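Fold the following, please.
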Amino acid sequence: MMEALLELYNLTGKLAYHRRTSPWLLLASSPEILGFLIPARYQAGFGLKILLSSGNNDEMMLQSFLNSRVLGYFDRSTAPPYPVFMPVLDLFNHDFQGALFEINQDHNKEGSVAIKRSIPSRFTGNECFACYGPHDSFDPWLLYGFIDLTAPFVTSIAMTIELPTLGKIELTPVIKNREPRNLPTVVSDLSFYIPAVLAKNGDNINVARLVIPGPAAPRALRRTLHFLISEMHPGHAKKQNLVMQAEEQIVAANYVYYQNLARFLQGLYPQDPLQRPILDGFIRLCDLQLLRVAAYRGYAKD
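Below you'll find the predicted structure:
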C-alpha cells in the first residue's frame with residue numbers, strides 16, 4: 001500500500017506541486033516572517049524552526065510535504081501516537097462543510113477509517129469532500145499551500161484579554177473545545193466555540209483557541225465570552241460591559257495583526273521568481289482575514 005501511494009504521488013507530481021505552492025520556501029528565504037507566525041498562531045513552534053534550521057531546502061520541502069499528509073495514530077492509550085498515512089482520505093479535497101472521518105480504535109477488532117458522503121455543493125458537482133479539521137483559512141495555507149475560502153470564521157491570534165476588576169483571559173492557538181455533554185444546556189450549541197480551560201492562576205485563566213465567527217453565528221463570540229466570564233465570576237455586576245470590552249480587544253488585535261503582517265509581506269522582494277506567486281497568495285490570505293474580521297463588526301452589532 002505504501003509503494004502504491006508513493007507511486008501515486010510521483011505520477012501526479014504531488015511533491016513538485018507542493019514546492020510550487022507551499023509557503024515553506026518563502027519562510028526559508030525570509031525567516032523574519034516567523035516573528036509573526038510563532039508568537040501569534042503557533043506558539044509551540046509547529047515544527048517551523050526545526051524544519052527551517054537545517055538549511056537543506058530539499059529536505060525541508062520533503063518533510064513539510066509528508067507532515068501535511070500524516071495523522072497521529074494511537075495504537076494504545078498508554079503509548080504516544082505515531083504518524084501514519086491515510087491512503088483513501090489522502091485523495092479527498094478539503095471543504096469546511098465536508099465530511100469528518102472517524103477512526104475505529106477498538107483494539108478487539110480490525111482497525112478502520114469511516115467517512116460519510118459529504119453534501120454536494122452546487123459549485124463542485126458530485127465531488128465528495130473531507131474536512132481536514134476545525135481550521136480557519138490560515139492553517140490550510142501554511143500546512144497545505146492553499147487558501148481555504150470555505151472556512152466561515154477566523155481563529156483569534158494568541159493574546160491577553162484584560163478584564164478590569166475581574167482578571168485576564170489568556171488566549172492560545174491550541175485547538176481544544178468543550179464537549180457538549182460538559183456544557184450547560186443553554187450553551188450546549190456553542191461547543192465548537194467555547195474553548196477548554198488549560199490553566200487557572202488566581203483571577204487569570206488560560207484557554208484554548210477562540211473563534212471570531214462568521215455571519216451564520218453572529219452572537220457566538222459574545223455568548224462564549226459571557227460564559228467564560230460567568231465561570232470566572234458568576235455574580236459580576238458589569239458582566240455585559242466586560243463582554244463588550246473583551247470582544248473589542250479581540251477584534252482590534254486580530255485586525256491590527258493581519259494589517260501588520262500584510263504590510264510586512266508587501267515589503268518583501270523575493271529573489272526567486274517562483275516565490276512571487278506564493279508571496280502574493282500570502283498577502284491575499286491576510287486580505288481575506290481582514291475582510292472577515294471587518295465584516296464581523298457589521299453583523300455583530302445589536
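
Every contact and neighbour count from this point should use C-alpha atoms.
Noted.

Over to the most centrally placed residue in the chain. Which of the three states is it?
For the chain, His135 is the residue whose C-alpha lies nearest the centre (Cα atoms, centre = their mean; 3.5 Å). Following DSSP: H, G, I helix; E, B strand; the rest coil, the label given to His135 is coil.

Equivalent analysis for Val243, please.
Classified using three-state DSSP, Val243 is helix.

and it, what does it touch?
Arg222, Leu225, His226, Ile229 (Cα atoms under 8 Å, 6 or more residues apart in numbering).

circling back to that earlier point, give me phi/psi at the residue nearest to the centre of the chain?
phi -100, psi 150 (degrees, to the nearest 10).

Touching, it and Thr150? I think so.
No. The pair His135 and Thr150 does not pass the contact test of Cα atoms under 8 Å, sitting 10.2 Å apart.

mind listing the strands for the stretch 101-250 of the chain?
Secondary structure of the stretch 101-250 of the chain by DSSP state E, counting those that start in this stretch: the strands cover 101-104, 112-115, 129-130, 154-155, 159-163, 167-171, 197-201, 204-207, 211-212.

Let me have those in CSV, extended by mean pLDDT and mean neighbour count.
Output for these, formatted as CSV (pLDDT from 0 to 100; neighbours: other Cα atoms under 10 Å):
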stretch, mean pLDDT, mean neighbour count
strand 101-104, 71, 12
strand 112-115, 73, 12
strand 129-130, 82, 24
strand 154-155, 95, 22
strand 159-163, 95, 18
strand 167-171, 94, 21
strand 197-201, 92, 13
strand 204-207, 94, 20
strand 211-212, 96, 22
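
can you put these in a markdown table and add distance to Asp287?
Formatted as a markdown table, the strands of the stretch 101-250 of the chain follow (distance: least, Cα to Cα, whole Å):
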| stretch | distance to Asp287 |
| --- | --- |
| strand 101-104 | 31 |
| strand 112-115 | 33 |
| strand 129-130 | 26 |
| strand 154-155 | 12 |
| strand 159-163 | 21 |
| strand 167-171 | 23 |
| strand 197-201 | 31 |
| strand 204-207 | 27 |
| strand 211-212 | 16 |
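
right, so of the ones you listed, which gets closest to Gln249?
Closest approach to Gln249 among the strands of the stretch 101-250 of the chain is made by strand 159-163 (6.6 Å; Cα to Cα).

what's the span of stretch 87-94, first residue to last?
In stretch 87-94, first residue to last residue: 15 Å (Cα to Cα, to the nearest Å).

returning to that earlier point: which members of the contacts of Val243 occur in helices, if any?
Here DSSP state H is the test, and those give Arg222, Leu225, His226, Ile229 as lying in helices.

Which one of the residues you listed is nearest to Gly98?
Nearest member of those to Gly98, counting by Cα to Cα, is Arg222, at 26.8 Å.

what pLDDT does the closest one get?
For Arg222, the pLDDT comes out at 94.

what about the stretch 51-200 of the chain, any weak spots by pLDDT?
Along the stretch 51-200 of the chain, the parts satisfying pLDDT under 70 run over 76-77, 104-111, 118, 120-123.

what do you get if the cut-off is 80, keeping everything else the same?
51-55, 71-79, 81, 88, 96-126, 133 (pLDDT under 80).

in its sheet, what does the longest strand anywhere in the chain sit against?
For the chain, the strand that runs over the most residues, judged by DSSP state E, is strand 93-99. Using DSSP bridges, strand 93-99 pairs in its sheet with strand 129-130 (parallel).
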